[in-house]
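S.K.: Structure of the sequence below:
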Amino acid sequence: IAAEPLPVTAGESTTTIDPAAAGLTFDARATVEGLTAFSLSPSRLLSQISGGDAVEPVTVVDDAALDAAVATMSVDLEVEPTSGTVSFVDGAAVATEAVEGSAVDAEAATELVRSTWLTAARPLVVPTEAVEPEITQAETDEALAVAEKVASAPMTVTVADQSAEIPAETVA
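M.R.: You can find the predicted model right below:
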């Protein structure tokens, strides 16, 4: 597991992290060091007779390499938001819904990878934060209401003392 790429997911997006490139190293010697030393301690003997306790693996982490790997992973897992739009099709106002995006919470993801890269279930699910679109659904709905009103009836334009009526289809 220590040498294999770590599959990572956020929502529907997936990618992998190469442990070596991310500065993640399993220290087998340090992990088993306390388990193999001779001891006549009663609590240690009892623990060994009863099957022992789970031992967390010891890892060495290069912080700069891990930060760079998480930054790259974050770009791969990012989902851009989609702004809502309003347009006119065949004289009728039509809206395209706004869709929220997502971005990896880099700080939380870094800590999660650091502490669980060897022991977590695969794929590792990293935390994300919602990213609002530039034009939200509420703003799109407001614009659609105005567009529907504009396209629903003819418009009268008055300049000085002259008036002209523009059909709704032409306005749309």
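
S.K.: Contact partners for Gly84?
M.R.: 95-98, 133, 135-137, 139-141, 143 (C-beta atoms under 8 Å, 6 or more residues apart in numbering). In this view, the C-beta of every residue, glycine as well, is placed from N, C-alpha and C.

S.K.: Quick one, which of those are buried?
M.R.: 95, 98, 133, 135, 137, 140, 143 (16 or more other C-beta atoms under 10 Å).

S.K.: which residues in this structure form helices?
M.R.: For the chain, the helices defined by DSSP state H occupy 28-36, 42-49, 63-77, 106-116, 137-152, 168-171.

S.K.: Outside of the fifth one itself, list whatever touches it.
M.R.: When contacts are taken as C-beta under 8 Å, 6+ apart, the neighbours of helix 137-152 outside the stretch itself are 83-86, 88, 91-93, 95-98, 168, 171-172.

S.K.: what separates that helix from the chain centre, distance-wise?
M.R.: Averaging C-alpha coordinates over helix 137-152 and over its chain gives two centres that are 31 Å apart (C-alpha atoms, centre = their mean, to the nearest Å).

S.K.: and the contacts of Gly84 as TSV, adding pLDDT and distance to Leu35?
M.R.: What follows is the contacts of Gly84, written out as TSV (pLDDT from 0 to 100; distance: C-beta to C-beta, whole Å):
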residue	pLDDT	distance to Leu35
Ala95	96	64
Thr96	96	60
Glu97	97	57
Ala98	97	56
Pro133	97	53
Ile135	96	59
Thr136	95	56
Gln137	96	57
Glu139	96	61
Thr140	96	61
Asp141	96	63
Ala143	95	66
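
S.K.: Which one of those residues is nearest to Gly23?
M.R.: Closest to Gly23 out of these is Pro133 (35.2 Å), distances taken as C-beta to C-beta.

S.K.: which ones are touching the residue nearest to the closest one when sequence neighbours are not counted?
M.R.: Distances taken as C-beta to C-beta, 6 or more residues apart in numbering put Pro81 closest to Pro133, at 3.7 Å, once the chain neighbours are dropped. By C-beta under 8 Å, 6+ apart, the residues touching Pro81 are 98-101, 131-134.

S.K.: Mark which of those residues are buried, thanks.
M.R.: Buried, going by 16+ other C-beta under 10 Å: 98, 101, 133, out of these.
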